[in-house]
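K.L.:
below are the sequence and a predicted model for it; my questions follow.
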Amino acid sequence: MSNLTDPAGVERSRPLFSVVKNDKKRVAYFYDSDIGNYAYVTGHPMKPHRIRLAHSLVMNYNVYKFLEIYRAKPAVTSEMTQFHTDEYIEFLQKVTPDNMDSFMREQTKYNVGDDCPVFDGLFEFCGISAGGSMEGAARLNREKCDIAINWAGGLHHAKKSEASGFCYVNDIVLAILELLRFKKRVLYIDIDVHHGDGVEEAFYTTDRVMTVSFHKYGEYFPGTGELRDIGIGQGKHYAVNFPLRDGIDDRTYETIFEPVITNVMEYYQPEAVVLQCGGDSLSGDRLGCFNLSMRGHANCVNFVRGFGLPTLVLGGGGYTMRNVARTWAYETGRLVGVEMDRVLPFNEYYEYYGPDYELDVRNSNMENANSNEYLEKIKIAVIENLKRTAPVPSVQMQDVPRQSFGMSDDQDEEMDDQDEDENKDVRMSQRQWEKRVERLDEFEESDDEDMAAANGVYKLNGRTRQETTFRDSTKADDTMEVDSGVATPAEQPAEPAADNDDTMIDEAIAEIEAEAAAEEKAAAAAAEAEPAAKETHAKVDDDGDVDMGEGEAVVEKAPETVIKTEDGVEAADAERKDTPAVDAAVSTTDAEPAVVSKRASKSPEAGDSRPTEEASIVAQSTDKATTASEAESKAGTS
């Protein structure tokens, strides 16, 4: 037997990876070994253990040699409340499975219970997730790295004061707030199968953050993210949603993702990117309904990487653990510029990947309900919306607000000095080993094998295959019931969904065209009325008083912005003179973006009902008075 054999008996004459792009990007990788110790509740589809599986693959593929590995300081209450309310974070900190019965009212208020259960270490889990994302953003700000990775982050459903969709603390919003301290514009891209509603809602009224989400829409959680949701106020046209149907595959996903992101980069010109890589858009996911392979999913990551911007890469959904772990490990390799071998190296979770034991998540024969005509309609509408954004929104930069999240450079250097003092007799300490990055152009590998073994890296040796037959594993795990090639069946019939979606798309496109025509018409009317307005302008005497006589000006009301209400009802046409205008005051600061906890818009019909009600009351009282007088006159006559 060859000496190049791993502990599973697999021949290893081929290298574990090959270098495909040597552009020397500095990649910071955040991982906390405690993350896999947390579990929601028995039977819950969200399993933090998947992050430990992905990390094990990264280590045993030797990809860690090109990463700066960090264990971020968990986020604390004062950092979480940069976005979330104090009361909500205080509740998360106090509630436990033992005392949850005394917090029944708060559980209802904050949507904690069913999908978002109370489990042991809930607050600590949120702190690890948020801490890695915020520390990654802080290192990007300080130009300590080009790419930051935190697979424990990406919890995009959490709201300002509400848990949602297995998410409690929105680490993405906190990381974007950190980036905005130094970056004028930040782009958020979401390739999770679910709509990134929490992040979109947080930045719905500002143009400093553009949110782009590709997701399943229609009778699917969270039920938001239709094409017409484009932002309001100053943030109008800076929320981009691409609603999709079941079964989208690699080829069709690529035909929409790359053109849309290219146009976003051209029109918006962000200074940093946050990419949420939810694994539930993969084929065969327990809760997903897309048909992406591992390589199709990773192509999105590689495409965004190609723009060369400071990028924060986060995890997200993903409920078939072995598929999520393989994909995130593979994408880690693509981010450092290497292509990993298809045959999996032996690792402590080797039995999860049977029966093929390969680094691959394949497409299935699932039907693609996304026709080319449907996708083309959506793409055209999205790009038309992008063209109406302001060319490179300007931001008046002021002094950088507040203290930075995470660890400062001085604190980092102090920890290096402390580590050196405590490990004087050690050739390489754990901290030094994690931060060391191997050069891709080195002739020979130089590594501390003992340190690698202590961190779960299995080295090649001549041992025979272990007696345990992993292919016949009887490990009880509900994520291993579905084969990676079997797709989740569609929940909704294709025919009715197609009709409804086509109607929605046609209405949205017609609305976009009508709104554009109305704006052009209003601009032309304003240009014509300008000379007349100057002639009839009110006269002002020497005391500054306005003459309200014959020179009184008639001010034309500006066309009102069309805002979609929660029920899908649009605001009344601005040309109706008898309808009172809705005053939607949206304020944002230059230092930090405005954050909204609830997105709602008023309907002007409520204002129209008041005059009608008053008129009807007057009419009724008049009729009653008339009837009473007639009765009296009749009685007097008789």
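P.N.:
The structure has been received and is ready for your questions. Numbers count the residues shown, from 1 in each chain.
K.L.:
quick one: the strands in the chain?
P.N.:
17-19, 27-30, 68-70, 147-150, 186-190, 209-216, 239-244, 272-276, 311-314, 338-340, 539-540, 546-547 (DSSP state E).
K.L.:
got a list of what F290 touches?
P.N.:
For F290, the contacting residues are V193, K216, L244, D246, G247, I248, Y253, D280, S281, L282, S283, by C-beta atoms under 8 Å, 6 or more residues apart in numbering. All C-beta atoms are positioned from the backbone trio N, CA, C, and that covers glycine.
K.L.:
let me see the contact set for the residue nearest to it when sequence neighbours are not counted.
P.N.:
The spatially closest residue to F290, leaving aside those adjacent along the chain, is S281, at 4.4 Å (C-beta to C-beta, 6 or more residues apart in numbering). If you count contacts by C-beta under 8 Å, 6+ apart, S281 has them with I191, D192, V193, G288, F290, L292, H297, G317.
K.L.:
if we use 10 Å, what do you get?
P.N.:
By C-beta atoms under 10 Å, 6 or more residues apart in numbering, the contact set of S281 is 190-194, 214-216, 244, 248, 253, 288-292, 296-297, 300, 316-318, 327.
K.L.:
go on, P243?
P.N.:
By C-beta under 10 Å, 6+ apart, the residues touching P243 are 195, 213-218, 220, 225-229, 374, 378, 501, 504-505, 508.
K.L.:
again, but for G223
P.N.:
Residues counted as contacts of G223 (C-beta under 10 Å, 6+ apart) are H194, H195, D197, Y217.
K.L.:
from the contacts of F290, pick the one nearest R71.
P.N.:
Using C-beta to C-beta, D280 is the member of these that lies nearest R71, at 26.6 Å.
K.L.:
the closest one reaches D190, doesn't it?
P.N.:
No. Checked against C-beta atoms under 10 Å, the pair D280 and D190 is beyond contact range at 11.6 Å.
K.L.:
need the overlap of contacts for those two.
P.N.:
By C-beta under 10 Å, 6+ apart, D280 and D190 have these common neighbours: G316.
K.L.:
neighbour-wise, which of these two wins?
P.N.:
Neighbours per residue (other C-beta atoms under 10 Å) separate D280 from D190, with D190 holding more: 31 against 25.
K.L.:
which pLDDT does the model give that one?
P.N.:
You'll see D190 listed with a pLDDT of 98.
K.L.:
is it in contact with V212, as I believe?
P.N.:
Yes. Using C-beta under 10 Å, D190 is in contact with V212, at 6.9 Å.
K.L.:
intersection of neighbour lists for those two?
P.N.:
In contact with both D190 and V212: G196, E200, V240, N241, F242, L275, using C-beta under 10 Å, 6+ apart.
K.L.:
need the max-distance pair from those.
P.N.:
Farthest pair in these (C-beta to C-beta) is N241 and L275. Separation: 16.6 Å.
K.L.:
sorry, back to before: if you rank the contacts of G223 by neighbours, which is first?
P.N.:
Most neighbours among the contacts of G223, by other C-beta under 10 Å: H195, with 29 neighbours.
K.L.:
from A54, how far off is that residue?
P.N.:
For H195, the distance to A54 (C-beta to C-beta, to the nearest Å) stands at 24 Å.
K.L.:
same check on T311?
P.N.:
18 Å.
K.L.:
just N291 next, same as before
P.N.:
Distance, N291 to A54, using C-beta to C-beta: 22 Å.
K.L.:
stretch 304-315: which residues count as buried?
P.N.:
V304, R305, L309, P310, T311, L312, V313, L314, G315 (16 or more other C-beta atoms under 10 Å).
K.L.:
in TSV, list these along with pLDDT and distance to D114.
P.N.:
Listed next are the buried residues of stretch 304-315 as TSV, based on pLDDT from 0 to 100; distance: C-beta to C-beta, whole Å:
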residue	pLDDT	distance to D114
V304	97	34
R305	96	38
L309	97	39
P310	97	38
T311	98	35
L312	98	31
V313	98	30
L314	98	25
G315	97	23
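K.L.:
can you tell me which of these is nearest K47?
P.N.:
G315 (12.1 Å).
K.L.:
identify the residues contacting the closest one.
P.N.:
48, 50-51, 54, 129, 132-133, 149-155, 171, 192, 276-279, 324, 328.
K.L.:
now the nearest residue to A28 once chain neighbours are set aside: how far from C277?
P.N.:
Excluding the flanking residues, the one nearest A28 by C-beta to C-beta, 6+ apart is C145, at 4.0 Å. According to C-beta to C-beta, C145 and C277 sit 18 Å apart.
K.L.:
can you check D98 too?
P.N.:
Using C-beta to C-beta, D98 is found at 35 Å from C277.
K.L.:
more neighbours: those two, which one.
P.N.:
Neighbour comparison, D98 and C277: the larger count goes to C277, with 27 against 9 (by other C-beta under 10 Å).
K.L.:
if I read this right, that one contacts T311, doesn't it?
P.N.:
No. Contact criterion C-beta under 10 Å: C277 and T311 do not qualify, at 11.1 Å.
K.L.:
what's the overlap in contacts for those two?
P.N.:
Listed contacts common to C277 and T311 are I149, I189, V301, V304; contacts here mean C-beta under 10 Å, 6+ apart.
K.L.:
the second one: what's it in contact with?
P.N.:
Under the criterion of C-beta under 10 Å, 6+ apart, the contact list for I189 reads 196, 210-214, 240, 257, 260-261, 264, 270, 273-277, 300-301, 303-304, 311.
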